[in-house]
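A.B. asks: Pasting a predicted model and its sequence here:
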Amino acid sequence: MKLTYEKLKNEKDTLARYGIIHTDYGDYETPMFMPVGTKATVKMLDPKELYDVHAGIILANTYHLWLRPGEDLVKKAGGLHQFMNYDGPILTDSGGFQVFSLAKNKEKDITEDGVHFKSHIDGAKLFLTPEKSIEIQNKLDSDIAMSFDECPPYPVSYDYMKKSVERTLRWAKRGKEVHQNDHQCLFGIVQGGEFEDLRKWSAIETVKLNFDGYSIGGTSVGEDKITMYKMIDYSVKYLPDDKLRYLMGVGDPLDLLEGVIRGIDIFDCVLPTRIARHGQAFTRHGKINLHNLKFKEDFTPLDDHCDCDTCKNYTKAYIRHLITSDEGLGGRLLSIHNIRFLIQMMEEIRQAIKEDRLLSYKDEFIKNYEQKNK
RNA sequence: GCGAAUAUGGUGAAGUGGUUAACACACCAGUUUGUGGCACUGGCAUGCGUGGGUUCGAUCCCCACUAUUCGCC
């Protein structure tokens, strides 16, 4: 069956919504944070640890799996779930973001037909099209496939953005036409940068194509936070109430709050796992860097209120030792904590929505989170 | 006891008679938002073993001392 979304409640004072996603793997509440597992693994964690942190949907990446090990091999393995042994829903990104990060010369490399890039592994010339992206995602057998889009950098001229949005729309249509999969959803992506009329137009036209859900792309590409929040505002109001709304690539705790308040249901981000590998942790009192000397003899957990295995069993002093000694376990313990931190935060956000007190939750959260800067 | 060589930051080390003593590692701090898996950006010797001398000026030249290493007795 296809994954479906059921909205259960709108918060009184904001656009925030509480809902449930029904899937073959069970029901999951929204708003939710989705950990990123680009190459069919959330870096450093195994599926058991993902269940432990109460992960729901996780992400995998079409581009990376296309290159290695190849979609045919994954299909032979029985699909992504079986291949990586994850018994939960999986969303595949389309490879569109690699247009942003790998296509060097936008004018030349991005054509109507598709995008030319160079493999980040061996430099081989590659060509990805909307049809090919959908075909790969079909074979990977994820639960949610994403349309192949262009994610332009920030800033970009109005004219460029307009052309890009039009092309992304044509790509969305082409992808939809070749997508034939009874148990895989397909999401459309709203682009348009910071331009209000382009966001509106992109949203309205994308919705006309009738996707199973909609995401807001083109954020967190270098713009400031105020601009990012505007991009969300300009897009969300044209999206249907009964479909899932996904803000791509956003995972800073404060941005999650602002996103939810603006009507976003799901988020994904590499931040928790990437900063973990670089020795940093989210805490209720802001982000901390375990490299810092001040933690050398700190025998308390990362966060007093966290219920993750890392916080239940290890001290900052030990984790700092692992990080400074370049021991892999350090990154793993931090990854577990950081993912759990965001998921836990979403649990609290859902509770706040149910009780119509999201704004006061936000004020309280920010008060604590920014405390360390005083 | 005699002879020789060397003495530069936490470490390994470049270097020059004259503005800010190279580089690397370590260390310290910051960054990271649809992941190019250990990254990126900064900071870090008011000082060149100690004391004296030569010189307008010495980390660089000279002398003594001290330490280390090697060789000889």
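C.D. replies: Yes, it's here.
A.B. asks: how about the residues of the stretch 51-200 of chain A near RNA strand B?
C.D. replies: Where the stretch 51-200 of chain A comes near RNA strand B, counting by C-beta under 7 Å from any atom of the strand, the residues are A:59, A:61, A:64, A:93-94, A:96-98, A:100-102, A:120, A:146, A:149, A:151, A:189, A:191. Glycine gets a C-beta too; all of them are placed from N, C-alpha and C.
A.B. asks: Just the element for the residue of the stretch 51-200 of chain A found nearest RNA strand B, please.
C.D. replies: Scanning the stretch 51-200 of chain A for proximity to RNA strand B using C-beta to the nearest atom of the strand identifies A:C151 as nearest, at 2.1 Å. Taking DSSP states H and E as the definition, A:C151 sits outside all helices and strands.
A.B. asks: wait, doesn't it sit right on A:S220?
C.D. replies: No: with contact defined as C-beta atoms under 8 Å, A:C151 does not count as touching A:S220 (9.8 Å).
A.B. asks: which of these two has more neighbours?
C.D. replies: A:C151 (24 against 20; other C-beta atoms under 10 Å).
A.B. asks: mind listing what that one touches?
C.D. replies: Contacts for A:C151 (C-beta atoms under 8 Å, 6 or more residues apart in numbering) come out as A:96-97, A:99-100, A:191, A:217-218, A:221.
A.B. asks: For those, could you give me CSV that also reports distance to A:L244, neighbour count and secondary structure?
C.D. replies: Shown next, in CSV, are the contacts of A:C151 (distance: C-beta to C-beta, whole Å; neighbours: other C-beta atoms under 10 Å; DSSP: H, G, I helix; E, B strand; the rest coil):
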residue, distance to A:L244, neighbour count, secondary structure
A:G96, 18, 26, helix
A:F97, 19, 20, helix
A:V99, 23, 25, helix
A:F100, 23, 18, helix
A:Q191, 18, 30, coil
A:G217, 14, 31, coil
A:G218, 18, 33, coil
A:V221, 22, 18, coil
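A.B. asks: What's opposite A:L244 in the beta bridge?
C.D. replies: On the basis of DSSP bridges, A:L244 is bridged to A:G213.
A.B. asks: what about A:G286, neighbour count?
C.D. replies: By the other C-beta under 10 Å criterion, the neighbourhood of A:G286 contains 14 residues.
A.B. asks: Please save the CA atoms from stretch A:154-172 in PDB.
C.D. replies: As requested, the backbone C-alpha atoms of stretch A:154-172 are provided in PDB (Å, rounded to 0.1, in the frame of the first residue of the first chain):
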ATOM      1  CA  TYR A 154      21.400  31.500  -3.300                       C
ATOM      2  CA  PRO A 155      21.300  34.100  -4.400                       C
ATOM      3  CA  VAL A 156      20.400  33.800  -8.100                       C
ATOM      4  CA  SER A 157      18.800  36.300 -10.400                       C
ATOM      5  CA  TYR A 158      15.100  36.500 -10.800                       C
ATOM      6  CA  ASP A 159      15.400  35.500 -14.500                       C
ATOM      7  CA  TYR A 160      17.500  32.500 -13.700                       C
ATOM      8  CA  MET A 161      15.100  31.400 -11.000                       C
ATOM      9  CA  LYS A 162      12.100  31.800 -13.200                       C
ATOM     10  CA  LYS A 163      13.600  29.600 -15.900                       C
ATOM     11  CA  SER A 164      14.700  27.100 -13.300                       C
ATOM     12  CA  VAL A 165      11.300  26.900 -11.800                       C
ATOM     13  CA  GLU A 166       9.700  26.400 -15.200                       C
ATOM     14  CA  ARG A 167      12.100  23.700 -16.000                       C
ATOM     15  CA  THR A 168      11.700  22.000 -12.600                       C
ATOM     16  CA  LEU A 169       8.000  21.900 -13.300                       C
ATOM     17  CA  ARG A 170       8.500  20.300 -16.700                       C
ATOM     18  CA  TRP A 171      10.800  17.800 -15.000                       C
ATOM     19  CA  ALA A 172       8.200  17.100 -12.400                       C
END
